[in-house]
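Enquirer: coords please:
(4 chains)
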Amino acid sequence: MRILYFAWLRERIGKSSEELEPPPGVDTPRALIAWLRTQGPGYAKAFSDEKPVRCAIDQEFQPLDAPLGRPKEIGFFPPVTGG
Amino acid sequence: MRILYFAWLRERIGKSSEELEPPPGVDTPRALIAWLRTQGPGYAKAFSDEKPVRCAIDQEFQPLDAPLGRPKEIGFFPPVTGG
Amino acid sequence: MRLVAVQEQDFDAGALLGRLSGAGTGGLASFIGIVRQAPDGGLKALCLEHYPGMTEKALERLADEAEARWALTGCIIIHRVGRLEPGQNIVFTAAASAHRGNALAATAYLIDQLKTRAPFWKAEEMQDGTTSWVDAREADDTTAAAWNTPASPENLP
Amino acid sequence: MRLVAVQEQDFDAGALLGRLSGAGTGGLASFIGIVRQAPDGGLKALCLEHYPGMTEKALERLADEAEARWALTGCIIIHRVGRLEPGQNIVFTAAASAHRGNALAATAYLIDQLKTRAPFWKAEEMQDGTTSWVDAREADDTTAAAWNTPASPENLP
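Expert: Modelled structure (predicted):
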């Protein structure tokens, strides 16, 4: 699946998107975060605290414990600050 | 004093302003209306019902029973409908 | 920046908004009132009359009140008079502030208060040749008065 | 008339308002968000990032909601992205309706909801060379959520 990172998550991870296939059993955004954390120091730093992390599954805001399903795209980002 | 008429009061009276000296004892806009009503059929028609009549003394909205004092100018008009 | 005007000519909303966009302004709200065609298409024009001198004083006072209540960096009130056809602009209110809530509330305040506290009168000229003075709307009094209640709208979003 | 856009270039508020001034429109409200200089003058620029694709969907949904709730004759949402200096426009929301209260409420709704429901992120570039991401404001969540309470603002002036 395509994973996108925005704002300081993008900066800490060092890329804005990538294609990744998480292992079986990763069934929520929160589980995906736990797995990503093991993928390198940038990820560990970006996801060290889940509290300010928000996500969208196929471009819809979802809670971190939403069922992940088989999305085409998942985005991780801090709380929005537009307007 | 200068008396001004607006909207349908102006149309019924047939003029937009005039200089008049009301008799002693005319000490409120309501009393002025009662006296104006005797000044001709246009006035009688314009002021036949006081309910929709509003006034301003020296360009400030005032109730019909406000003290008239010695104003330079008094305006009579229906409720406002701008905006 | 303060601008209050009563005029026959149209206004340029874009240019007016540009004048409010100054230092310290984070939010800029505006309202334009437009002559609305009647549902049956029967309206030919509105004819707007006002009380010269008193009108300007009343509008300046509304601007004073809005500036004091919402810490504005600027505000504008422009009201047209004369004969206006459907689709034409009648009135413009705008307010600028550091914060969006203040700009939005002040803009709504200005138009709500103007409707009941500024000496303008509208007559409707109909397609069938008749003309009649527009009656004041009780709802406008209610709306204007609600700004003075404890639960007045600036405490809300 | 519906216009939703995310763009780097500035917008022309006057021209946009002109596009909303159609048949049946009696009131036309708008809000412009502007990059505000910090009180100490230390802000050099805001850098605005967004989530392409998702942003447009989120803004279209807000427009749908506003049109359904307030019987609008039109609405516009434009949000700029990229690097914006103090005094420059960031965002424009506008709503047109037969009645002023609807236009004013919908305009406020659009900007309040946009702040919490559209994927934009701001970073501040300071005069001293530092850059930091802006934190979300809890007050924005409260303001946006208040539109869902029984005493929501459209029942007020």
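
Enquirer: from here on, contacts and neighbour counts on C-alpha atoms
Expert: Noted.

Enquirer: what's near enough to touch the residue positioned nearest the centre of chain C?
Expert: For chain C, C:Ile111 is the residue whose C-alpha lies nearest the centre (C-alpha atoms, centre = their mean; 3.7 Å). Residues in contact with C:Ile111 (C-alpha atoms under 8 Å, 6 or more residues apart in numbering or on different chains) are B:83, C:31, C:93.

Enquirer: which of these are close to chain D?
Expert: C:Phe31 (C-alpha under 8 Å from any C-alpha of the partner chain).

Enquirer: make TSV from the contacts of C:Ile111 and add secondary structure, distance to chain A and pLDDT to it.
Expert: Shown next, in TSV, are the contacts of C:Ile111 (DSSP: H, G, I helix; E, B strand; the rest coil; distance: C-alpha to the nearest C-alpha, whole Å; pLDDT from 0 to 100):
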residue	secondary structure	distance to chain A	pLDDT
B:Gly83	coil	30	94
C:Phe31	strand	19	98
C:Thr93	strand	22	98
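
Enquirer: just the contacts of C:Ile111 now: which is nearest chain D?
Expert: Each of the contacts of C:Ile111 was checked against chain D using C-alpha to the nearest C-alpha; the closest is C:Phe31, at 4.3 Å.

Enquirer: tell me, how many neighbours does the residue nearest to that closest one when sequence neighbours are not counted end up with?
Expert: Nearest residue to C:Phe31, sequence neighbours excluded (C-alpha to C-alpha, 6 or more residues apart in numbering or on different chains): D:Ala29, at 4.3 Å. D:Ala29: 32 surrounding residues under other C-alpha atoms under 10 Å in any protein chain shown.

Enquirer: quick one: name the residues of chain A near chain D.
Expert: Checking chain A against chain D by C-alpha under 8 Å from any C-alpha, the hits are A:6-8, A:59-60, A:79-83.

Enquirer: isn't C:Ala15 right up against D:Gly14?
Expert: Yes - if you go by C-alpha atoms under 8 Å, C:Ala15 and D:Gly14 touch, sitting 7.1 Å apart.

Enquirer: got a pLDDT number for C:Ser152?
Expert: Note on C:Ser152: pLDDT of 60.

Enquirer: again with C:Pro157
Expert: So C:Pro157 comes in at 46 (pLDDT).

Enquirer: now do the strands in chain C.
Expert: With DSSP state E as the criterion, chain C has strands at C:2-7, C:27-34, C:43-50, C:72-80, C:82-84, C:89-97, C:120-126, C:131-133.

Enquirer: can you put the ones you listed in CSV and add distance to D:Gly82?
Expert: Formatted as CSV, the strands of chain C follow (distance: least, C-alpha to C-alpha, whole Å):
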stretch, distance to D:Gly82
strand C:2-7, 32
strand C:27-34, 19
strand C:43-50, 45
strand C:72-80, 26
strand C:82-84, 42
strand C:89-97, 24
strand C:120-126, 46
strand C:131-133, 52
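
Enquirer: can you give me phi and psi for the nearest residue to A:Glu19 once chain neighbours are set aside?
Expert: Distances taken as C-alpha to C-alpha, 6+ apart put A:Arg2 closest to A:Glu19, at 4.5 Å, once the chain neighbours are dropped. With angles defined as degrees, to the nearest 10, A:Arg2 sits at phi -90, psi 130.

Enquirer: isn't A:Arg2 right up against A:Ser16?
Expert: No - applying C-alpha under 8 Å as the test, A:Arg2 and A:Ser16 come out as separate, 10.5 Å apart.

Enquirer: out of C:Ala15 and D:Gly14, which sits in the busier spot?
Expert: More crowded of C:Ala15 and D:Gly14, by other C-alpha under 10 Å: D:Gly14, with 15 against 12.

Enquirer: tell me who's in contact with the more buried one.
Expert: Counting by C-alpha under 8 Å, 6+ apart, D:Gly14 touches C:12-15.

Enquirer: and A:Glu11, how close does it get to D:Gly74?
Expert: 39 Å (C-alpha to C-alpha, to the nearest Å).

Enquirer: more neighbours: which of those two?
Expert: Ranked by neighbour count (other C-alpha under 10 Å), A:Glu11 and D:Gly74 place D:Gly74 first, with 22 against 13.

Enquirer: for the more buried one, list each beta-bridge partner.
Expert: Applying DSSP bridges to D:Gly74 yields these beta-bridge partners: D:Ala96.

Enquirer: do the same with C:His50
Expert: Counting by DSSP bridges, the residues bridging with C:His50 are C:Phe120.
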